[in-house]
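Chemist: only geometry, no sequence info:
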């Protein structure tokens with residue numbers, strides 16, 4: 001069977017098996033890749049994946065599979081699909097589906113379930129799979145009869161795109177068998193609009209009076225393909241553009257009005273400029289609480305500014321921040337509509353365009369200079385660790401490197417068209433200051449769920465979706481321990497990526513809290529690791545250990561060259577000092593109080 005035949009979907013009411021209905025509906029939705037581990041629960045359908053033109057990419061652990069589906073979705077803009085054996089294979093997916101939920105990724109998690117004839121008897125690998133995902137899915141479809149297989153499958157794929165989030169397709173395993181007559185549903189996709197006329201007009205009236213407008217470019221700009229429309233709006237207003245937290249790819253870093261990201265370890269230039277705003281346009285951003293917290297000692301959110309929030313989900317409007325105008329609309333369509341309404345209007349900000357532009361450039365120059373000079377952390381704990389580490393030698397024999405210097409060198413060595421994923425943790429979060437992108441669908445982080453073990457499998461999924469693009473993940477040694485086994489997936493299935501591992505021998509993000517609040521009483525924060533480069537080599541990948549600053553950039557360039565030209569996965573292990581950047585949230589902890597005598601010294 002040729003590829004054209006494989007991707008041709010039967011039309012009209014047709015006799016088929018439920019397995020065929022399931023697979024044909026996936027073909028109709030353009031599915032070519034799925035991630036998971038094979039299992040008897042869906043084996044009848046899996047048997048015909050290949051002639052349907054669908055590749056099942058086997059992984060080492062199902063959490064990795066769901067992260068890969070997330071990465072695949074975020075790069076392609078289409079569905080990511082994950083499947084596993086009923087029971088433990090499905091429960092392994094929960095954490096990664098939660099991460100996809102907060103990334104607004106249209107992941108379809110297919111959950112074959114215990115057969116209907118033994119359901120409720122506590123049989124092998126039996127569990128109730130719908131409640132597991134109810135908090136992290138936009139829709140849950142449970143196939144109630146084999147004749148409805150195509151209907152529910154199609155609905156789950158449609159809802160994932162219309163709701164922009166994960167959906168669950170739950171299928172009793174005996175429902176793959178039998179004979180049904182059904183019609184394969186055609187995919188239904190929403191035509192999203194700009195929002196209501198009244199809200200758009202109200203927004204333009206505010207913008208006409210604004211003297212210092214600022215645009216927050218959020219994830220919705222990426223998802224709707226609105227980069228050019230955001231640029232046009234920014235240029236009409238002369239407005240600085242800041243990225244929402246962990247959406248550093250939502251506006252090109254080379255654009256003169258780009259200012260960098262808000263939020264944890266973001267850009268001081270962005271924060272200083274938005275603090276002066278009298279009108280803020282939150283374009284495609286839910287204004288999540290973590291993305292607008294104080295940082296670098298600055299309470300930068302402009303309390304007296306008028307806020308225009310644009311989001312495709314009406315439930316997000318005004319949820320976190322008080323707003324003046326809420327527009328329920330697609331970021332791209334809304335930006336176009338605002339631009340059209342601004343044509344021919346005299347704006348208060350027109351008179352100050354040059355002055356504001358100069359201010360933007362000056363703040364960016366100050367921040368870049370500060371980053372260049374910020375070679376290491378300056379708090380007392382970090383200085384103590386730097387001194388202590390200077391007396392030690394890594395097992396590789398060189399020296400321990402300052403994380404900020406490492407991140408700057410990695411930034412300089414980044415290839416064009418790169419995709420980067422970052423894990424959760426201290427060094428990875430500091431990377432927010434240094435990661436800049438020219439095009440959307442290039443930066444992937446665990447967003448609000450903040451789970452460790454996210455970055456590496458996600459970049460594998462991204463690479464599967466875009467094999468022509470360089471793919472790089474960042475992880476600390478703690479998070480790397482949760483995901484390194486997927487190196488075997490890369491090697492086994494020829495999905496080459498580059499993994500950067502910051503080896504600092506500690507759980508840095510939480511350890512920082514023990515420094516600030518618990519008088520350096522370290523409990524379970526230390527990590528005694530073997531060489532991750534050597535482990536990678538044992539798995540069949542390339543391994544590079546870096547313990548000299550001048551080798552950071554060349555190591556990345558060599559690894560990317562091997563990825564793109566030789567199809568090789570490389571783990572770059574960078575030996576770092578144990579200095580620590582600012583904690584995620586000082587406001588989330590309190591100074592300890594002890595009442596019992598046995599604990600009186602633990603304050």
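Modeler: Perfect, thanks for sending it. It should be emphasised that the depicted structure is a prediction, and the values quoted were computed from it without experimental measurement.
Chemist: quick check, residue 350 in a helix?
Modeler: Yes - looking at residue 350 with DSSP: H, G, I helix; E, B strand; the rest coil, it is inside a helix.
Chemist: residues contacting it?
Modeler: Neighbour list for residue 350: residue 238 [criterion: C-beta atoms under 8 Å, 6 or more residues apart in numbering]. Backbone N, C-alpha and C define where each C-beta goes, glycine included.
Chemist: state the pLDDT value of it.
Modeler: Model confidence at residue 350, given as pLDDT, is 96.
Chemist: likewise residue 386?
Modeler: 97.
Chemist: my guess is it meets residue 378, correct?
Modeler: No - counting by C-beta atoms under 8 Å, residue 386 does not reach residue 378; the two are 9.8 Å apart.
Chemist: contact partners for residue 158?
Modeler: Listed by C-beta under 8 Å, 6+ apart, the contact partners of residue 158 are 187, 188, 189.
Chemist: pick out whichever of residue 386 and residue 378 has more residues nearby.
Modeler: Between residue 386 and residue 378, residue 386 has the larger neighbour count (other C-beta atoms under 10 Å), namely 17 against 10.
Chemist: so for the lengthiest helix in the chain, what gets flagged as buried?
Modeler: If you go by DSSP state H, the chain has its longest helix at helix 353-373. Within helix 353-373, the residues scored as buried using 16 or more other C-beta atoms under 10 Å are 356, 359, 360, 363, 364, 367, 371.
Chemist: with stretch 557-570 instead?
Modeler: Residues 558, 559, 560, 562, 563, 564, 568, 569, 570 are the ones in stretch 557-570 that count as buried (16+ other C-beta under 10 Å).
Chemist: quick one: those as TSV, columns for secondary structure and distance to residue 278 too.
Modeler: Shown next, in TSV, are the buried residues of stretch 557-570 (DSSP: H, G, I helix; E, B strand; the rest coil; distance: C-beta to C-beta, whole Å):
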residue	secondary structure	distance to residue 278
558	helix	49
559	helix	47
560	helix	44
562	helix	51
563	helix	47
564	helix	47
568	coil	53
569	coil	50
570	strand	49
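Chemist: can you name the next helix or strand after the longest helix of the chain?
Modeler: helix 380-390 (DSSP states H and E).
Chemist: who does that following helix touch, helix- and strand-wise?
Modeler: On a contact count with 3 or more C-beta pairs under 8 Å, 6 or more residues apart in numbering; DSSP states H and E, helix 380-390 meets no helix or strand.
Chemist: residues contacting that helix, please?
Modeler: Identification of contacts with helix 380-390 by C-beta under 8 Å, 6+ apart yields 376, 377, 399, 400, 402, 515, 520, 577, 578, 579, 580.
Chemist: which of the residues you listed fall in helices?
Modeler: residue 515.
Chemist: okay if I get the contacts of helix 380-390 as a markdown table plus distance to residue 603 and neighbour count?
Modeler: Compiled in a markdown table, the contacts of helix 380-390 are given as follows (distance: C-beta to C-beta, whole Å; neighbours: other C-beta atoms under 10 Å):
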| residue | distance to residue 603 | neighbour count |
| --- | --- | --- |
| 376 | 30 | 15 |
| 377 | 25 | 21 |
| 399 | 37 | 15 |
| 400 | 32 | 23 |
| 402 | 32 | 19 |
| 515 | 15 | 20 |
| 520 | 13 | 10 |
| 577 | 29 | 24 |
| 578 | 24 | 21 |
| 579 | 25 | 24 |
| 580 | 21 | 24 |
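Chemist: spatially, which two of the contacts of helix 380-390 are the most separated?
Modeler: Farthest-apart pair in the contacts of helix 380-390 is 399 and 520; separation 23.8 Å (C-beta to C-beta).
Chemist: so what are the sheet partners of the helix or strand containing residue 110 and their directions?
Modeler: In the assignment (DSSP H and E), residue 110 maps to strand 107-113. Strand pairing for strand 107-113, determined by DSSP bridges: strand 80-83 (parallel), strand 167-172 (parallel).
Chemist: one step back: from the buried residues of stretch 557-570, which two are the most distant?
Modeler: 558 and 569 (13.0 Å).
Chemist: am I right that residue 327 sits in a strand?
Modeler: Yes - counting by three-state DSSP, residue 327 is located in a strand.
Chemist: so what's it bridging to?
Modeler: Here residue 327 sits in beta bridges with residue 310, going by DSSP bridges.
Chemist: just give me the closest of the buried residues of helix 353-373 to residue 62.
Modeler: Closest to residue 62, out of all of these and judged by C-beta to C-beta, is residue 371, at 39.3 Å.
Chemist: tell me how many other residues crowd the residue lying closest to that closest one once chain neighbours are set aside.
Modeler: Spatially, and ignoring its direct neighbours in sequence, residue 371 is nearest to residue 433 (6.3 Å; C-beta to C-beta, 6 or more residues apart in numbering). Neighbourhood size, residue 433 [other C-beta under 10 Å]: 25.
Chemist: first to last residue in stretch 119-139, what's the distance?
Modeler: Stretch 119-139 has an end-to-end distance of 23 Å (criterion: C-alpha to C-alpha, to the nearest Å).
Chemist: outside of that stretch, which residues touch it?
Modeler: Contacts to stretch 119-139, defined as C-beta under 8 Å, 6+ apart, come from residues 41, 85-88, 90-91, 94, 97-98, 100-101, 109, 111, 113-114, 118, 140, 142, 155-156, 159-160, 163-168, 170, 172.
Chemist: go on, stretch 523-531?
Modeler: By C-beta under 8 Å, 6+ apart, stretch 523-531 touches 395-396, 477-478, 481, 503, 505-507, 510-511, 514, 543, 545, 573.
Chemist: low-confidence bits of this protein, can you list those?
Modeler: 1-6 (pLDDT under 70).
Chemist: would you mind measuring from residue 551 to residue 111?
Modeler: 46 Å (C-beta to C-beta, to the nearest Å).
Chemist: those two: who's more crowded?
Modeler: residue 111 (27 against 18).
Chemist: report the contact partners of that one.
Modeler: Residue 111 touches 83, 84, 86, 90, 93, 129, 133, 168, 169, 170, 171, counting by C-beta under 8 Å, 6+ apart.
Chemist: can you give me the helices for the stretch 1-150 of the chain?
Modeler: For the stretch 1-150 of the chain, the helices defined by DSSP state H, counting those that start in this stretch occupy 3-6, 18-28, 43-46, 62-76, 88-91, 94-102, 130-133, 149-163.
Chemist: so which elements touch the third one?
Modeler: In terms of contacts (3+ C-beta pairs under 8 Å, 6+ apart), helix 43-46 is packed against helix 18-28.
Chemist: tell me the angle the helix it packs on makes with strand 167-172.
Modeler: Interaxial angle, helix 18-28 versus strand 167-172 (axes from the mean of the first three to the mean of the last three C-alpha atoms, to 10 degrees): 160 degrees.
Chemist: hmm, who's touching helix 18-28?
Modeler: Contacts of helix 18-28 (C-beta under 8 Å, 6+ apart): 6-7, 9-10, 16, 44-45, 47-49, 52-54, 81, 146-147, 149-150, 153-154, 157, 171, 175-178, 180, 182, 184-187.
Chemist: pick the most buried one from the helices of the stretch 1-150 of the chain.
Modeler: The highest mean neighbour count among the helices of the stretch 1-150 of the chain, using mean count of other C-beta atoms under 10 Å, belongs to helix 62-76: a mean of 30.
Chemist: can you pull out the helices in the stretch 451-600 of the chain?
Modeler: 455-465, 477-481, 487-493, 508-517, 532-538, 552-566.
Chemist: any chance of JSON lines for these, columns distance to residue 421?
Modeler: Listed next are the helices of the stretch 451-600 of the chain as JSON lines, based on distance: least, C-beta to C-beta, whole Å:
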{"stretch": "helix 455-465", "distance to residue 421": "4"}
{"stretch": "helix 477-481", "distance to residue 421": "11"}
{"stretch": "helix 487-493", "distance to residue 421": "14"}
{"stretch": "helix 508-517", "distance to residue 421": "17"}
{"stretch": "helix 532-538", "distance to residue 421": "17"}
{"stretch": "helix 552-566", "distance to residue 421": "14"}
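Chemist: pick the most buried one from the ones you listed.
Modeler: helix 455-465 (a mean of 30).
Chemist: tell me which other helices or strands that one touches.
Modeler: Checking 3+ C-beta pairs under 8 Å, 6+ apart, helix 455-465 ends up next to strand 33-36, helix 62-76, strand 419-422, strand 443-445, strand 471-476, helix 487-493.
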